[in-house]
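*Asks:* Can you look at this prediction? I've put the sequence above it.
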Amino acid sequence: MKHLIRSSALAFAVVASLGLASAPAQAGMDGLNLNGSQGSVLVAGFSAVMVVSGPMFLSAAGVRGAADMSKASRERRGEKRRLRAGHLPDLEVKSIETAADGGRRVALEDPGNPENRATLEWPKREDDPAAGFRVGAMIAFQPSPQGAGWMLRDTEGTALAFVPSIEAVDESRTRTL
C-alpha cells in the first residue's frame, strides 16, 4: 500500500509539473499572470490528463499489488509446515449410534487412558460407513504413506474407514478437487 501511495504522489507531481511547465509558455513567459480563459484552459488540460492517466495508473498499480499479494500468499503456503499423520494408540469402540438425521456416529476410547476419546461421524449415506465397527472391538489407526490421515483397521486387519488429518482437510478446501 505504501508503494501505491508513493507512486501516486510521484505521478501527481510529474503531471502537475508538466501542466505548470506549459503555463509560462502560454502566458508569454512573463510569469503566471493568466486571464480567466487561459486559467480555464490550463485547468481543463490538467483535468483531462488526470482523467485519462489516473485510472490507467491505478489499474497498473492494482495489478501489481494483486500480483505481489498472490506471490506472498504462495510463499507463505510453501513455508507452511505440513504436519503428517503420526502414530495413534488403538482405540476401543464404545458405541455406535444413528443420529436423528440418519447419519452415523461411532464413539471410540483409549482403554489405557479413558480421557483419550474420539468420535467418528458420517452424514446419511446409501452405504453404512459404520457397518464394519463392533462395540468392544479394538481399532488400529494406521498412518497413510503420504501422511494425509489414518486408515482405521479392525483386529483382523480389515480396512473400515479413512480419517483425514486436519491439514489434509484444510488443503482440500483451498484447492479445486
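*Replies:* Cool, the structure landed. Predicted model only: the values in this text are computed from it and were never measured. Numbers count the residues shown, from 1 in each chain.

*Asks:* My read is that residue 120 contacts residue 164, right?
*Replies:* No: the criterion here is CB atoms under 8 Å, and residue 120 misses it with residue 164 at 11.7 Å. Every C-beta, even on glycine, is put in place using the N, C-alpha and C of the backbone.

*Asks:* So for the two, which sits in the more crowded spot?
*Replies:* Neighbours were tallied for residue 120 and for residue 164 using other CB atoms under 10 Å; the higher tally belongs to residue 120 (20 against 15).

*Asks:* In a strand, that one, correct?
*Replies:* Yes: looking at residue 120 with DSSP: H, G, I helix; E, B strand; the rest coil, it is inside a strand.

*Asks:* Identify the bridge partners of it.
*Replies:* Per DSSP bridges, the residues bridged to residue 120 are residue 106.

*Asks:* check contacts around it.
*Replies:* 105, 106, 108, 130, 152, 161, 163 (CB atoms under 8 Å, 6 or more residues apart in numbering).

*Asks:* Helix, strand, or coil at the fifth one?
*Replies:* Following three-state DSSP, we place residue 152 in the strand state.

*Asks:* Tell me how many other residues crowd it.
*Replies:* Residues near residue 152, counting by other CB under 10 Å: 23.

*Asks:* Could you do the third one as well?
*Replies:* Applying other CB under 10 Å, we find 21 residues neighbouring residue 108.

*Asks:* hang on, it packs against residue 121?
*Replies:* No: using CB under 8 Å, residue 108 is not in contact with residue 121, being 11.5 Å away.

*Asks:* how close does residue 115 sit to residue 157?
*Replies:* Distance, residue 115 to residue 157, using CB to CB, to the nearest Å: 28 Å.
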